[in-house]
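A.B. asks: Sequence and predicted structure are below.
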Amino acid sequence: MPPNAPTVLAIEDEAQIRRFLRATLGSEGYTLLEAETGEQALTEAASYPPDLILLDLGLPDMDGLEVIRRLRQWTSVPVIIISARGQEQDKVAALDAGADDYLTKPFGVAELMARIRVALRHANRTEDESAVFESGDLKVDLARRLVFVGGQEVHLTPIEFKLLALLAKHAGKVLTHRQVLKEVWGPNYADDSHYLRVFVHQLRHKIEADPAQPKHLITEAGVGYRLRAQT
């Protein structure tokens, strides 16, 4: 059972999905709040601030993207999209709007719970704890700008470290190509995905045991990249 019973707000108009979430999250010790419309969800989130939000994009009164944009005006609460929209452009639009993760319906209980744990841990991480990222044999010391794989120091170029550090700070979260390019190279390079592909390729050859089958730096096809975090 998760400590301190985190509160999850499920914004979903399908009663069957809400029942599934109620049973699943309840059995894991979470407190569940429910909303069927965007307006109801925004009111609920302001009145009873949740620790995490599960959001369906297809709501009866407004698009889920508008809900994200309005939430991001005043809160950084983790938002995981749960939607039947599985197209790449839908995922990119949601993530660029401020969502933290995206699950396409139907999804399994184990995957949902893993994504929730990662999102909550990332949100609750203190500055001291976030100074060092560790997952499997990968260790990134953000304060000292050092990277280790299997206990051995790995030398990265300044851009490679900036890229890895960005992903480490948002470990478990999908970052779109545009988000990464703007953060690492600047707004003028937001559409130059060639830079990103080249540096991801170089970085994988330094931190992955098998760059062709990466276990740390994961590609979300057509969307972006995710640095895997231990769950």
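C.D. replies: Okay, I see it. Numbering: from 1, shown residues only.
A.B. asks: going forward, measure contacts between C-alpha atoms and count neighbours the same way
C.D. replies: Noted.
A.B. asks: Show which residue of this structure lies farthest from the average position.
C.D. replies: Most distant from the centre of the chain: residue 152, at 28.2 Å, with distances by CA atoms, centre = their mean.
A.B. asks: helix, strand or coil for residue 91?
C.D. replies: Using DSSP: H, G, I helix; E, B strand; the rest coil, the secondary structure recorded for residue 91 is helix.
A.B. asks: Now do the contacts for it.
C.D. replies: By CA atoms under 8 Å, 6 or more residues apart in numbering, residue 91 lies in contact with 102, 223.
A.B. asks: How about residue 159?
C.D. replies: 184, 199.
A.B. asks: and residue 21, what is it in contact with?
C.D. replies: Contacts of residue 21 by CA under 8 Å, 6+ apart are residue 10.
A.B. asks: ok but it is inside a helix, no?
C.D. replies: Yes - looking at residue 21 with three-state DSSP, it is inside a helix.
A.B. asks: what residue ranges in this protein score low on pLDDT?
C.D. replies: By pLDDT under 70, the low-scoring segments of the chain are 1-4, 125-130, 231.
A.B. asks: Can you pull up the most central residue in this protein?
C.D. replies: Geometric middle of the chain (CA atoms, centre = their mean) lands on residue 173, at 2.3 Å.
A.B. asks: Surely it touches residue 226?
C.D. replies: Yes - Residue 173 lies in contact with residue 226 (CA atoms under 8 Å); the separation is 5.8 Å.
A.B. asks: Against residue 22, how distant is residue 16?
C.D. replies: 10 Å (CA to CA, to the nearest Å).
A.B. asks: again with residue 135
C.D. replies: For residue 135, the distance to residue 22 - CA to CA - is 31 Å.
A.B. asks: number of nearby residues for residue 75?
C.D. replies: 12 (other CA atoms under 10 Å).
A.B. asks: Distance of it relative to residue 99?
C.D. replies: Counting by CA to CA - residue 75 and residue 99 are separated by 12 Å.
A.B. asks: before we move on, what about residue 88?
C.D. replies: In terms of CA to CA, residue 88 sits 14 Å off from residue 99.
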